[in-house]
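Sharing a model prediction with you, sequence too.
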Amino acid sequence: MAVSTFAGTVLLFSLIGLRTLASVVVIGILYGYTAGIFQALWAPVLAVLSPDQSDLGVRMGISYAFMALAGLIGPPISGVLLTGDYIWWHGAVFNGIMGAIGCSCFIAMQVVLRRGNRVSQ
C-alpha cells in the first residue's frame, strides 16, 4: 500500500511537467492504476490492523469518514489554487504534498507494526 501511495505521489508531482496531451493521458492512466490499488487495498489493510474483528465496522466507518472529508475539502482547494489563469502547478504541488503526507503515514504505520511484531515475539 505504501508503494502504490508513493507511486501516486510521484505521479501527482509529475503533473507539474505536463506539456502535451499524450503526457496527460499517460499520467492519467498510471495514476488511475495506483489509485485503484489504494482503493482496493484499504479494506483489507483495516482488517489486518484490527485486533478484534468486531471493531472492524467501526474502524472502517471512521476511516472512510476521514477519506470522505478529504475528498470534499481537497478538490475545492485545488480549484482555488488553479485560479482563473489556469496555473496547474499550484494544485499539483498541493496534491503532491498531501500525497507525501499520506505516504509518510503509511510508512510510519509499517514501522510501528514491525516493531510491535518483534516485541511480541
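Sure, I can see it.

Can you tell me what sits against stretch 84-103?
Outside stretch 84-103, the residues within contact range by Cβ atoms under 8 Å, 6 or more residues apart in numbering are 2, 5-6, 8-9, 12-13, 15-16, 18, 70, 74, 77-79, 81-83. (Glycine included, C-beta is placed from N, CA and C.)

out of all of them, which helix in the protein is the longest?
Assignment by DSSP state H gives helix 88-120 as the longest helix of the chain.

Filter the contacts of stretch 84-103 down to just the ones in helices.
Mapping the contacts of stretch 84-103 onto helices (DSSP H) picks out 2, 5-6, 8-9, 12-13, 70, 74, 77-79, 81-82.

which of the residues in stretch 14-31 are buried?
Neighbour-count burial for stretch 14-31, counted by 16 or more other Cβ atoms under 10 Å, picks out 14-15, 27, 31.

just for this structure, where's the confidence low?
121 (pLDDT under 70).
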